[in-house]
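A.B. asks: structure, please.
(2 chains)
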There are 2 protein chains.
Amino acid sequence: MPDALRPFADVSAVRATGDGAYEAVVDPEWGVGTKPNGGYLLTMLGRAAVASVGHEHVVTTSAHYLHSPDAGPVAIETAILRKGRSADHVRATMLQDGRACVEAVFMVGTLEQATVPHWDAGAPPRPTASRDDGLRVPGTSPTGLHVPVMDQVDLRLDPATASFARGRPSGSGELRGWLAFLDGADFDPLSLLYAVDAFPPATMEIKPTGSVPTLEMTVYVRALPMPGPLTILHRAQLVEAERVDEITTVWDSADRLVAQATQLAGIRLD
Amino acid sequence: MPDALRPFADVSAVRATGDGAYEAVVDPEWGVGTKPNGGYLLTMLGRAAVASVGHEHVVTTSAHYLHSPDAGPVAIETAILRKGRSADHVRATMLQDGRACVEAVFMVGTLEQATVPHWDAGAPPRPTASRDDGLRVPGTSPTGLHVPVMDQVDLRLDPATASFARGRPSGSGELRGWLAFLDGADFDPLSLLYAVDAFPPATMEIKPTGSVPTLEMTVYVRALPMPGPLTILHRAQLVEAERVDEITTVWDSADRLVAQATQLAGIRLD
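C.D. replies: The predicted structure is shown next:
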């Protein structure tokens, strides 16, 4: 473990301050350049949402990113939109110095341990290599951008989808690999909100660029993850008008589909 | 045209009542059974969002469906989350009798006429038949559910993905086809919010069921659609724990990808 390891449970903690309000501290290490990771911020909002209602697990969330906060203190305001027997709906907004940074709505319900797929369309591509042969993503991107979060997690790419690291992007717009926390923590529905946004931009396998900031991200948590590393597929469909969509699929160590996400991000590829 | 044709522009109209509030009337014909279509409701919210800011086109929106409104009057409240040079962000909430029904956030910006794809992952499956050979979806589902909206639009399925209509679902979880308005109206970014939710559940090609109510839906409008019918691909990935995700891809008459959506819906397949 690096000296500066900041466990995810600590850096994403929130503290209730009353009347549905919470406070948290954005860690400088959990991001790209000086910008915090969007999934990391979403986990903070999710913790506040879960803390404010009677159910336990985030089942869906959708977030719009309005303004990237700096590292440091943030406030979170929650509002309960609906309380239900099987699920509650909560809006959570992150503010810094009074300015709205991220707004998300959460459906918070209960995911059962023992569910099994009723029907599955079939397997999207998984890594063809083994995790032991995966390439650990370093803390500096091919374009020279400092990516401190890569020193906080064990993120490995299938060499078949890491051609960009050798200076020759394959053009596939697709990354496959694995994610684990360096402190050995297992994933839960809240940390899955980070996992879906943990990978480098799928556009790295088209053309490496500067940061690809998330504009909107939606996550569906489909099952409780088993302990162990996650397997992740992250792929782009269309780059147009300086925006790119990315679809992310996450499986647990038992190869169960546990989370799905879609995001639209800004990008300059020219 | 049927006698009872209610043009989409009329049934999705909103009227400002001051202070960022709007009123609208949910039409009884634009839904499934007695429940209004979720994309139709989202268009109403989108009209209110666009009316409340300085930009013109919905670029992204994500919505949580809290409570299905009945046909009849609804109120819409908007709140501007951020005003920007290139885009504004607006929250819009639909209420009926004081109860929140749908809450959505919109990024409203400007889509240029002349954009072209910079990169495209490749074509997901389109219909293999021609639209003239498409099967018009009738106003009664295979399970006997009345679907009045099918008499308001010209929705045709590729026969290759309409095996359920012959009582033998293929098991693919995928529908392909075309959508047009019966009054000849062309699509715009607001009516695309309906188009992404217009198709029958993709699960019809697994097993026909009762209604498959949308819990969350996220839409990205990627380009301004050209006049003419839309081509649509609507497919499910995973059915588990009485929920199904569906991904929808929409092309305009010039075969340009104009909208992408993902939704999580409730389903009972047993």
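
A.B. asks: quick check, the residue in the stretch 51-200 of chain A closest to chain B?
C.D. replies: A:Ser62 (3.3 Å; C-beta to the nearest C-beta). C-beta here means a position set from N, CA and C on the backbone, and glycine is covered the same way.

A.B. asks: burial count for that residue?
C.D. replies: By the criterion of other C-beta atoms under 10 Å in any protein chain shown, A:Ser62 has 28 neighbours.

A.B. asks: same thing with the one 4 residues further on?
C.D. replies: Applying the criterion other C-beta under 10 Å, we find 22 residues in the vicinity of A:Leu66.

A.B. asks: kindly state the pLDDT recorded for it?
C.D. replies: If you check A:Leu66, the pLDDT there is 98.

A.B. asks: pretty sure it contacts A:Leu95?
C.D. replies: No - taking contacts as C-beta atoms under 8 Å, A:Leu66 lies outside contact range of A:Leu95: 9.7 Å.

A.B. asks: so what sits against both of these two?
C.D. replies: A:Cys101 (C-beta atoms under 8 Å, 6 or more residues apart in numbering or on different chains).

A.B. asks: look at the nearest residue to A:Arg15 once chain neighbours are set aside and give its secondary structure.
C.D. replies: Excluding the flanking residues, the one nearest A:Arg15 by C-beta to C-beta, 6 or more residues apart in numbering or on different chains is A:Glu23, at 5.3 Å. Under DSSP: H, G, I helix; E, B strand; the rest coil, A:Glu23 falls in the strand class.

A.B. asks: how about A:Gly46?
C.D. replies: helix.

A.B. asks: do the same with A:Leu224
C.D. replies: Applying three-state DSSP: A:Leu224 is coil.

A.B. asks: and it, how far from B:Thr262?
C.D. replies: Distance check for A:Leu224 against B:Thr262: by C-beta to C-beta, to the nearest Å, it reads 21 Å.

A.B. asks: so for those two, which sits in the more crowded spot?
C.D. replies: Ranked by neighbour count (other C-beta under 10 Å), A:Leu224 and B:Thr262 place B:Thr262 first, with 24 against 19.

A.B. asks: would you list the phi and psi of that one?
C.D. replies: Main-chain dihedrals, B:Thr262, degrees, to the nearest 10: phi -130, psi 140.

A.B. asks: so where's chain A uncertain?
C.D. replies: A:1-3 (pLDDT under 70).

A.B. asks: please, where are all the helices along it?
C.D. replies: Ranges of helices within chain A are A:8-11, A:38-51, A:189-195, based on DSSP state H.

A.B. asks: want to throw those into TSV with distance to A:Gly139 and mean neighbour count?
C.D. replies: Below are the helices of chain A laid out as TSV (distance: least, C-beta to C-beta, whole Å; neighbours: other C-beta atoms under 10 Å in any protein chain shown):
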stretch	distance to A:Gly139	mean neighbour count
helix A:8-11	16	17
helix A:38-51	16	27
helix A:189-195	17	26
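
A.B. asks: okay if I get those as a markdown table plus distance to chain B?
C.D. replies: Listed next are the helices of chain A as a markdown table, based on distance: least, C-beta to the nearest C-beta, whole Å:
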| stretch | distance to chain B |
| --- | --- |
| helix A:8-11 | 25 |
| helix A:38-51 | 12 |
| helix A:189-195 | 13 |
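
A.B. asks: enumerate the residues of the stretch 51-200 of chain A near chain B.
C.D. replies: A:59-60, A:62-64, A:66-67, A:81-82, A:89, A:91, A:100, A:103, A:105, A:107, A:111-112, A:115-121, A:172-174 (C-beta under 8 Å from any C-beta of the partner chain).

A.B. asks: now list the buried members of those.
C.D. replies: Neighbour-count burial (16 or more other C-beta atoms under 10 Å in any protein chain shown) applied to those gives A:59-60, A:62-64, A:66, A:81-82, A:89, A:91, A:100, A:103, A:105, A:107, A:111, A:118-119, A:121, A:172-174.

A.B. asks: show me the contacts for A:Asp188.
C.D. replies: A:Leu224, A:Pro225.

A.B. asks: now with 10 Å?
C.D. replies: A:Asp188 makes contacts with A:Ala9, A:Thr43, A:Glu56, A:His57, A:Val58, A:Leu111, A:Val221, A:Leu224, A:Pro225, as judged by C-beta atoms under 10 Å, 6 or more residues apart in numbering or on different chains.

A.B. asks: wait, the last one touches A:Val250, no?
C.D. replies: Yes - counting by C-beta atoms under 10 Å, A:Pro225 sits close enough to A:Val250 to count as a contact (8.0 Å).

A.B. asks: now do the shared contacts for these two.
C.D. replies: With contacts taken as C-beta under 10 Å, 6+ apart, A:Pro225 and A:Val250 have A:Phe187, A:Leu192, A:Ala195, A:Arg256, A:Val258, A:Ala259 as neighbours in common.
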